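> pasted the sequence and its predicted model underneath.
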Amino acid sequence: MSSLTLPFKTTDLNQLSRDVVSNNNNKSNDSIADERSPTTYHDDEEEADKYLNIWKNLWSKRDTAWHLDSFHPILLRYQDKLLEGRSTDNPARVLLPLCGKSNDLKFFYQEGHHVLGVECADEAIYDFFNLNGLNKETSKVPATKSGKIAKLHSTPDRKLNIMQKNFLTLDSKLVNGTIDCVWDRGAFGTITEEEQNLYIQTIRRLLAPNFKYLLLVLEFDQSKSCDPVPMPQPEHKVRSYFGSFCHIEKLESRVPNHVNLYQRHMGNPMDVRETVYFMTPKK
Ligand SMILES: C[S@@+](CC[C@H](N)C(=O)[O-])C[C@H]1O[C@@H](n2cnc3c(N)ncnc32)[C@H](O)[C@@H]1O
């Protein structure tokens, strides 16, 4: 029997899969339905998957204009605030939602933290391990409320993990309530409003009580962009989505040195500001 180390709760996975299956088998349809809130995705996990093919198609063409070849400079600038003195002796469990093949996964891993990326595309995961010369072991874990299984791709030490699934329906005893730190670059700001509502539900399930959260979004004149994604995320919108459970501090908003990466994507040499928020639990 295998067990999984952090960032998840240490759990015997085989036992957990059996629990999930037998719990569901023991319930009448009515009692399962009773647990569902009418406002959650659980009524229709397939509905939540409807945009994934757009991303998977981009990956199949390796059309990944958003990818930055270095660690993100904003992460480097605010890493101390996010990790607050945590290091190898007291590692943080760090989540990168919609991680792509971001080098930032490796940044946290190298610093001794326990890393969980969530990503839907095969190619992103293949490229990440391959380009970084990391060995990959793949296991299967229960990942949704209904007990659906997802692949978990991990380094042999199990400290760097990418779960291959729709982030918006992630609901697992392995991860819920365990995430100390979130680094979101290119996740919340690149999905539809419908998906953003699911993102908030998911993230609230996953966060540990004393979480720290760095959220990077873009601000620009959308009428000048040739591409519907990413979308500009003004401050009032960030506050309306996160304000009910987060204390929100705006750290900076500026045009980055790598602005041409966005401009190429949007087909226009306009100003694109990266705006960064630091969030902690609302007391
Ligand atoms: C704009 S990219 C950003 C990637 C990464 N955060 C970065 O900064 O390089 C968004 C990524 O999220 C993935 N993705 C989109 N929707 C997803 C979802 N609902 N669940 C999991 N992955 C998703 C896409 O395949 C893509 O790799």
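On my side now, so go ahead.
> which strands and helices lie in contact with the strand or helix carrying Y262?
Taking DSSP states H and E as the criterion, the element that holds Y262 is helix 259-266. The contact analysis (3 or more C-beta pairs under 8 Å, 6 or more residues apart in numbering; DSSP states H and E) places helix 259-266 against no helix or strand. C-betas here are computed from N, CA, C, even on glycine.
> ok, residues contacting the next helix or strand after that helix?
Counting by DSSP H and E, the next helix or strand C-terminal to helix 259-266 is strand 273-281. Contacts to strand 273-281, defined as C-beta atoms under 8 Å, 6 or more residues apart in numbering, come from residues 74, 78, 81-82, 207, 209-220, 233, 235, 238, 242, 245-256.
> just the buried positions in strand 273-281, please.
Buried residues in strand 273-281, counted by 16 or more other C-beta atoms under 10 Å: R273, E274, T275, V276, Y277, F278, M279.
> I203 reaches L168, doesn't it?
No. When contacts are counted by C-beta atoms under 8 Å, I203 is not listed as touching L168 (9.9 Å).
> looking at the two, which one has more neighbours?
Between I203 and L168, L168 has the larger neighbour count (other C-beta atoms under 10 Å), namely 28 against 25.
> in a helix, that's where the more buried one is, yeah?
Yes. Membership of L168 in a helix is supported by DSSP: H, G, I helix; E, B strand; the rest coil.
> for it, which residues are in contact?
Taking C-beta under 8 Å, 6+ apart, we find L168 in contact with Y41, A48, E195, L198, Y199, T202.
> the last one and T144, how far apart?
With distances defined as C-beta to C-beta, to the nearest Å, the gap from T202 to T144 amounts to 11 Å.
> what does this structure have sitting close to the ligand?
Within the chain, the positions adjacent to the ligand are 52, 55, 59, 66-67, 98-100, 102, 118-121, 124, 166-168, 185-187, 190 by C-beta under 6 Å from any ligand atom.
> PyMOL command to pick out the buried ones of these?
A single PyMOL command selects the buried members of those (16+ other C-beta under 10 Å):
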select buried, resi 55+59+66+98+99+100+102+118+119+120+121+124+166+167+168+185+186+187+190
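> now, which of the residues of the chain next to the ligand lie within helices?
L52, W55, W59, A124 (DSSP state H).
> dump those into TSV; add pLDDT as well.
Shown next, in TSV, are those (pLDDT from 0 to 100):
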residue	pLDDT
L52	94
W55	95
W59	96
A124	98
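> pLDDT averaged over the helix holding Y262 - what is it?
The average pLDDT within helix 259-266 is 85.
> tell me the secondary structure for T138?
Secondary structure of T138, reduced to three states by three-state DSSP: strand.
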